[in-house]
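Student: just a sequence and a predicted model for now, questions to come.
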Amino acid sequence: MPRVLLTEDDSAIVSALTEYLAGEGWETVSAPGERAADRLLQEQSFDLALIDLALQDGSGFGVCTLARQRGVPVIFLTASADENSVVAGLDMGADDYISKPFRPRELVSRMRSVLRRHGRNAAVELPGNVRLDPERGTVSKGGQEVPLSALEFRLLSALVSRRGTLRTRNQLLEELWDIDSDFVNDNTLTVYIKRLREKLEDDPRNPAIIKTVRGLGYRVD
């Protein structure tokens, strides 16, 4: 499931767009301004950023700069007909823009187009003949689809999206769960890692896909 960072200070747009994107297979994390968006970009991983140019807190241009530094593609949302603002955004690395009010179906089409250009939806081959297909939201092993829960798929996608990079236990907990929830603790992540290994690894006790970095977290090479 691709993850999008929506930086928008209009709560009505955030609510409506989050609901629509969920129905289209997207997970949306929202930030009302530049400071909150910067924090999320530093702490979590995203496949795409939707950024309103006019923010009450900071600037959409500032969020775009950090997103591009993190390798996250950007689409600007703008209510302005100011050609200079649009050109400035594209010049600083934005991939596309769409003017408000926009049709949700058109926005999703543009989002998918940007992901294709960046190869974010390309299927990933993993050890043990395991294949992760973000476009279809499926995982297969030896050509046979492996049934994963939504959380299991998100956890695997979070690890695969930064292959070769250590993901700490805290990073994964914060990215995938509401850490204020009573039922979420350090053991929750351990359980889901164990489930993934049992479903995907040839030898779960000697994993070739999800490696443990002892005392720190996990890594997919």
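Tutor: Perfect, I can see it now.

Student: which residues sit against the helix or strand containing residue 6?
Tutor: Using DSSP states H and E, residue 6 sits within strand 3-7. Residues from elsewhere that reach strand 3-7 (CB atoms under 8 Å, 6 or more residues apart in numbering): 14, 17-18, 21, 26-34, 36-37, 40-41, 44-52, 55, 60, 63, 67, 72, 111. Every C-beta, even on glycine, is put in place using the N, C-alpha and C of the backbone.

Student: I'd like the mean pLDDT over that strand, please.
Tutor: For strand 3-7, mean pLDDT is 95.

Student: now it - C-alpha only, CSV.
Tutor: What follows is strand 3-7, C-alpha atoms only, in CSV (Å, rounded to 0.1, in the frame of the first residue of the first chain):
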residue,chain,number,x,y,z
ARG,A,3,2.0,6.0,1.5
VAL,A,4,1.4,9.6,0.8
LEU,A,5,2.2,12.7,2.9
LEU,A,6,-0.6,15.3,2.6
THR,A,7,0.5,18.7,3.7
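
Student: give the pairing partners of it; include direction for each.
Tutor: strand 27-31 (parallel), strand 48-52 (parallel) (DSSP bridges).

Student: export these to a markdown table and tack on mean neighbour count, mean pLDDT and distance to residue 7?
Tutor: Converted to a markdown table, the strands paired with strand 3-7 look like this (neighbours: other CB atoms under 10 Å; pLDDT from 0 to 100; distance: least, CB to CB, whole Å):
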| stretch | mean neighbour count | mean pLDDT | distance to residue 7 |
| --- | --- | --- | --- |
| strand 27-31 | 19 | 94 | 5 |
| strand 48-52 | 24 | 95 | 5 |
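
Student: nearest to residue 130, of these?
Tutor: strand 27-31 (21.8 Å; CB to CB).

Student: what are the ranges of the strands in the chain?
Tutor: Along the chain, counting by DSSP state E, strands occupy 3-7, 27-31, 48-52, 74-78, 96-99, 124-126, 130-133, 138-141, 144-145, 167-168, 210-213, 217-220.

Student: columns distance to residue 151 on top of those, output as TSV?
Tutor: Listed next are the strands of the chain as TSV, based on distance: least, CB to CB, whole Å:
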stretch	distance to residue 151
strand 3-7	13
strand 27-31	11
strand 48-52	21
strand 74-78	27
strand 96-99	31
strand 124-126	19
strand 130-133	15
strand 138-141	13
strand 144-145	17
strand 167-168	15
strand 210-213	15
strand 217-220	15
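
Student: quick one: closest of these to residue 158.
Tutor: Per CB to CB, nearest to residue 158 of those: strand 167-168, 6.8 Å.

Student: avg pLDDT for the closest one?
Tutor: In the prediction, strand 167-168 has an average pLDDT of 87.

Student: okay, now the sheet partners of that strand, with direction.
Tutor: strand 217-220 (antiparallel).

Student: so for the strand it pairs with, mean pLDDT?
Tutor: pLDDT averaged over strand 217-220 gives 92.

Student: doesn't residue 98 make contact with residue 106?
Tutor: Yes: if you go by CB atoms under 8 Å, residue 106 and residue 98 touch, sitting 7.0 Å apart.

Student: which of these two has more residues huddled nearby?
Tutor: residue 98 (16 against 10; other CB atoms under 10 Å).
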